[in-house]
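K.L.:
Would you be able to build a 3D model of this:
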Amino acid sequence: MTAGIAARGITVRLGGRAVLDGAAMAVAPSELVGLVGPNGAGKTTMLRALAGLQEPDEGSVLLDGRSIGGIEPRALARDLAYLPHGAPCHWPLPVERVVALGRLPHLGRFGSPASGDADVIEAALQLSGVAQFRDRPVQTLSSGERARVMIARALAQEPRVLLADEPTVALDPYHQLRVLDLLRDRARAGSAVVAVLHDLSLAARFCSRVVLLVAGRVVADGAPADVLTPVRLRDAYGVDVIVGDPSARTYMLPAMEQAAGS
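P.N.:
Sure thing, here's the model as predicted:
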């Protein structure tokens, strides 16, 4: 694959431990890929490596076939957006100004916004459901509202690659569905999108592919129905999982913790 983003044989050691161990995955334009796995599997480290924020000890990350480390930072900022876990925001700015930061990589030499930038910012505010907060300082919002503001900022960036670490954390059920809808729409518009997800039902419902990471290794990569099977999830998570499909909408429920040694 040349278009999109790819990790090839990534190994990352932290504190003497291999958090990622020869892990590989690739995401093409127009794909929404769910990155799933138990706590400590290396999902956040993989996302940070894809974003160029964690240099691997071995292996490489390629964006459109080029090493991500060799791409000029401003060009990389235009092409790639990264949403960290918890959507931290340390700027004492109104919501609209925070969302407008997504346009910075696209501004001209003197930082002057083009006529279309305001339209892009407004569309991002509306799509993420935060337009009513536009004049409020972002730190006065709830954690779920701030998460939607940071998603709006990423949408305003119009990235070709969007990496989101647990984008539905702290969101109520309605906004969980809305955010996954937005990510899927971004993929359908041509972006390569990766989302770390713990809700396997959401992964099955929205993702075109799922990558299952366990102990730093990719153990499965494919269509949700092929990856999220009861046997594979029992091996990965140590729980029995009930998989249902009412009205063609898959759901997965942890049913019972596996006894030690079973």
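
K.L.:
Name the nearest residue to residue 143, sequence neighbours excluded.
P.N.:
Leaving out its chain neighbours, the residue that sits closest to residue 143 by C-beta to C-beta, 6 or more residues apart in numbering is residue 170, at 4.2 Å. Any C-beta I mention is one placed from the backbone N, CA and C, and that applies to glycine too.

K.L.:
and the end-to-end length of stretch 209-220?
P.N.:
10 Å (C-alpha to C-alpha, to the nearest Å).

K.L.:
Show me where the stretch 1-150 of the chain dips below the pLDDT cut-off.
P.N.:
1-2, 108-115 (pLDDT under 70).

K.L.:
got the residue ranges for the strands in it?
P.N.:
5-14, 17-27, 32-36, 58-63, 66-67, 80-83 (DSSP state E, counting those that start in this stretch).

K.L.:
Ranking those by mean neighbour count, which comes first?
P.N.:
strand 32-36 (a mean of 27; mean count of other C-beta atoms under 10 Å).

K.L.:
got the angle for it vs strand 17-27?
P.N.:
160 degrees (axes from the mean of the first three to the mean of the last three C-alpha atoms, to 10 degrees).

K.L.:
Tell me the gap between strand 32-36 and the middle of its chain.
P.N.:
8 Å (C-alpha atoms, centre = their mean, to the nearest Å).

K.L.:
who does it pair up with?
P.N.:
strand 192-196 (parallel), strand 209-214 (parallel) (DSSP bridges).

K.L.:
Tell me what angle it forms with strand 5-14.
P.N.:
Using the same axes, to 10 degrees: strand 32-36 against strand 5-14 is 20 degrees.

K.L.:
Let's verify residue 240: helix, strand, or coil?
P.N.:
Following DSSP: H, G, I helix; E, B strand; the rest coil, the label given to residue 240 is strand.

K.L.:
got the residue ranges for the helices in the stretch 51-200 of the chain?
P.N.:
73-79, 95-100, 115-127, 143-157, 173-188, 200-206 (DSSP state H, counting those that start in this stretch).

K.L.:
Can you tell me which helices and strands the longest one packs against?
P.N.:
For helix 173-188, the packing partners by 3 or more C-beta pairs under 8 Å, 6 or more residues apart in numbering; DSSP states H and E come out as strand 32-36, helix 143-157, strand 161-165, strand 192-196, helix 200-206.

K.L.:
Redo those as CSV? Include distance to residue 50.
P.N.:
Shown next, in CSV, are the helices and strands packed on helix 173-188 (distance: least, C-beta to C-beta, whole Å):
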stretch, distance to residue 50
strand 32-36, 9
helix 143-157, 14
strand 161-165, 6
strand 192-196, 7
helix 200-206, 18
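
K.L.:
quick revisit: so of the strands paired with strand 32-36, which one's packed in deepest?
P.N.:
strand 192-196 (a mean of 28).

K.L.:
How far off centre is it?
P.N.:
On C-alpha atoms, centre = their mean, the centre of strand 192-196 falls 4 Å from the chain's centre.

K.L.:
Which residues does that strand contact?
P.N.:
4-5, 27-36, 43-44, 47, 50, 85, 160-167, 180, 183-184, 186-187, 207 (C-beta atoms under 8 Å, 6 or more residues apart in numbering).

K.L.:
before we move on, back to that, closest one to residue 67 among the helices and strands packed on helix 173-188?
P.N.:
Ranking the helices and strands packed on helix 173-188 by distance to residue 67, with C-beta to C-beta as the measure, places strand 161-165 first at 14.5 Å.
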